[in-house]
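*Asks:* Provided below are the primary sequence and the corresponding predicted coordinates.
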Amino acid sequence: MGRIIIFTGKGGVGKTSTAAAHAVKAANEGVKTLIVSTDMAHNLSDLFMKEIKEEPIEIFNNLYALEIDSNHEMERYYGNISDAFKNMLSFKNEEDKEVLEDIVVFPGIEELFSLLKIKELYDEGIYDLIIVDCAPTGETLSLLKFPELFSWYMEKLFPLEKIALKVLRPISKIAFKLEMPDEKAMNDVEKLYFKLGTLQNLLKNREVCSIRLVTIPEKMVVEETKRSYMYLNLYNFNVDGLYINRIIPEEVDNGFFDKWKQIQKNYLDEIYSVFWNIPIYKIKWYEVDINGTKGLERIVDDSLKDNNLFKVLKTTINEIFERTEKGYRLDVFVPFSDKKDFDLFESGTDIIVKIGNFKRNIPVPNVIRRYSIVSAKLNNELLSIYFE
Ligand SMILES: Nc1ncnc2c1ncn2[C@@H]1O[C@H](COP(=O)(O)OP(=O)(O)O)[C@@H](O)[C@H]1O
Ligand SMILES: [Mg+2]
């Protein structure tokens, strides 16, 4: 089984450098590695000083790189898909038509096709490790929640029952095997829907995929990192590592930086105390920018010695249904969240949890559908929803 590690964080904090350092380490250790950038502002080419395109090219032995062009990917799939949508439209009433048009021009829909490309590469099984250098967190979040959201819309609009039952409904068991329905019997919309379902399962498969956050010890960035961690958990992704970049080295002895060192120390303390339960790595601020394999190897030597680095470093269970005396309880892990930002409602067969601007639809398993929500509690970092 291959492994996918996704790096994300605020713009400019060092995502590309950190991701690429991992890729270099892995390749040097004989692991066949692909580093993929999904950030439209690609910079793997600059970093490795090599022209990198939409198909993987070899950087050196065991290391391959690819900059995904999501528009190119979208055209590959979307040609048929938009036709399929149009055909289906002719069966729909006016109201559905409007919603459908919303989907077809969904902002960010191209990004979805970057993910599908990653899944395709994973399925080909050529690489042992796929490292994803993602866009800044905000975009990553919308990217990662997209497969679920999009499937959700499709399900509302199209008669997808036969595969919906197989793909989406049993979710919330962490990883489950999907059987491919007879492909010839599916139309293009169903095929896309099915692909999205398997994509979701891949991204949420704790044995394969995990997300790592890159941050720096500065107020705004630390705050954003906490928020991203919360949302990633809300969307049920496994976050198994945190990298603190640009730490001023101890040996720097200069009045100006003394103050900064103190400031950084305070944020480092905060990061260690709030992220106490995930592995943390520190990367120092180098005297020059990070360039080429040599530059990346410095990061590897100084900060990425851990022999288990490419393993899943931690597994979180983010949502779990438990039987209670009178019914069921759903626990959702939502670290750093605040009671006042929460909203919770039921919609059809879903529970919708809203925190600030983010919304997650959690499908309710069949057995629980005949119960209704009677109460909800936020306790520490756990949201408990009671069904009776
Ligand atoms: N620890 C560091 N020391 C020195 N320069 C760094 C360090 N981390 C990143 N950089 C430089 O900062 C810039 C942004 O880093 P990059 O990894 O591209 O960030 P991101 O992908 O998050 O935008 C690059 O020029 C990179 O070489
Ligand atoms: Mg980058």
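*Replies:* Here it is on my side, so go on. Ligands and ions are numbered 1, 2, ... in the order given.

*Asks:* give me the residue from the stretch 251-388 of the chain nearest ligand 2.
*Replies:* The nearest approach of the stretch 251-388 of the chain to ligand 2 comes at residue 290, 11.0 Å away (Cβ to the ion). In this view, the C-beta of every residue, glycine as well, is placed from N, C-alpha and C.

*Asks:* surely that residue meets residue 17?
*Replies:* Yes: using Cβ atoms under 8 Å, residue 290 makes contact with residue 17 at a distance of 4.4 Å.

*Asks:* any residues in contact with both of the two?
*Replies:* Listed as contacting both residue 290 and residue 17 by Cβ atoms under 8 Å, 6 or more residues apart in numbering are 47, 296, 299.

*Asks:* Looking at residue 290 and residue 17, which has the bigger crowd around it?
*Replies:* Shown here are residue 290 and residue 17; by other Cβ atoms under 10 Å, residue 17 has more neighbours (25 against 19).

*Asks:* confidence score at the more buried one?
*Replies:* Model confidence at residue 17, given as pLDDT, is 97.

*Asks:* That one contacts residue 246, correct?
*Replies:* No: counting by Cβ under 8 Å, residue 17 does not reach residue 246; the two are 10.0 Å apart.

*Asks:* now, which of the shared contacts of residue 290 and residue 17 lie within strands?
*Replies:* Judged by DSSP state E, strands contain none of the shared contacts of residue 290 and residue 17.

*Asks:* If any of these are buried, put those into a ChimeraX selection.
*Replies:* Those of the shared contacts of residue 290 and residue 17 that count as buried under 16 or more other Cβ atoms under 10 Å are selected in ChimeraX with:
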select :47,296,299
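
*Asks:* so who does the closest residue to residue 304 other than its chain neighbours touch?
*Replies:* In this structure, residue 304 finds its nearest non-sequential neighbour in residue 25, 5.5 Å apart by Cβ to Cβ, 6 or more residues apart in numbering. Residues near residue 25 by Cβ under 8 Å, 6+ apart: 300, 304, 309.

*Asks:* quick one, what contacts the first one?
*Replies:* Spelled out, it's residue 300. With contact set as Cβ under 8 Å, 6+ apart, residue 300 has these partners: 21, 24, 25, 28.

*Asks:* if you look at those, which of them are in helices?
*Replies:* Among these, the members found in helices (DSSP state H) are 21, 24, 25, 28.

*Asks:* Filtering these by proximity to ligand 2, which remain?
*Replies:* Among those, not one lies near ligand 2 by Cβ under 5 Å from the ion.

*Asks:* from those residues, which single one is nearest ligand 2?
*Replies:* Nearest to ligand 2 among the ones in helices among the contacts of residue 300, counting by Cβ to the ion, is residue 21 at 12.6 Å.

*Asks:* Surely that closest one and residue 296 touch.
*Replies:* Yes: in this structure, residue 21 is within contact of residue 296 by Cβ under 8 Å, at 4.5 Å.

*Asks:* And for residue 37, the neighbour number?
*Replies:* 26.

*Asks:* my bad, should have said residue 141
*Replies:* 21.

*Asks:* Residue 349 too?
*Replies:* Counted with other Cβ under 10 Å, the neighbours of residue 349 add up to 15.

*Asks:* which strands and helices sit next to the helix or strand hosting residue 122?
*Replies:* According to DSSP states H and E, residue 122 maps onto helix 109-124. With contacts taken as 3 or more Cβ pairs under 8 Å, 6 or more residues apart in numbering; DSSP states H and E, helix 109-124 sits against strand 33-37, helix 70-89, strand 129-133, helix 137-157, helix 188-203.

*Asks:* Go over the secondary structure and confirm residue 11 is in a helix.
*Replies:* No: if the criterion is DSSP: H, G, I helix; E, B strand; the rest coil, then residue 11 is coil and not within a helix.

*Asks:* residues near the nearest residue to it once chain neighbours are set aside, how many?
*Replies:* Distance criterion Cβ to Cβ, 6+ apart; nearest residue to residue 11, sequence neighbours excluded, is residue 136 at 4.3 Å. By other Cβ under 10 Å, the residues close to residue 136 number 18.

*Asks:* For residue 40, see how far away residue 136 is.
*Replies:* As judged by Cβ to Cβ, to the nearest Å, residue 136 and residue 40 stand 10 Å apart.

*Asks:* same thing with residue 285?
*Replies:* 27 Å.

*Asks:* any idea which helix or strand of the protein has the worst average confidence?
*Replies:* Across the helices and strands of the chain, mean pLDDT, DSSP states H and E gives its lowest value to helix 161-167, namely a mean of 49.

*Asks:* Export the shared contacts of residue 290 and residue 17 as TSV, with columns for distance to residue 375 and pLDDT.
*Replies:* Shown next, in TSV, are those (distance: Cβ to Cβ, whole Å; pLDDT from 0 to 100):
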residue	distance to residue 375	pLDDT
47	51	95
296	51	98
299	49	98
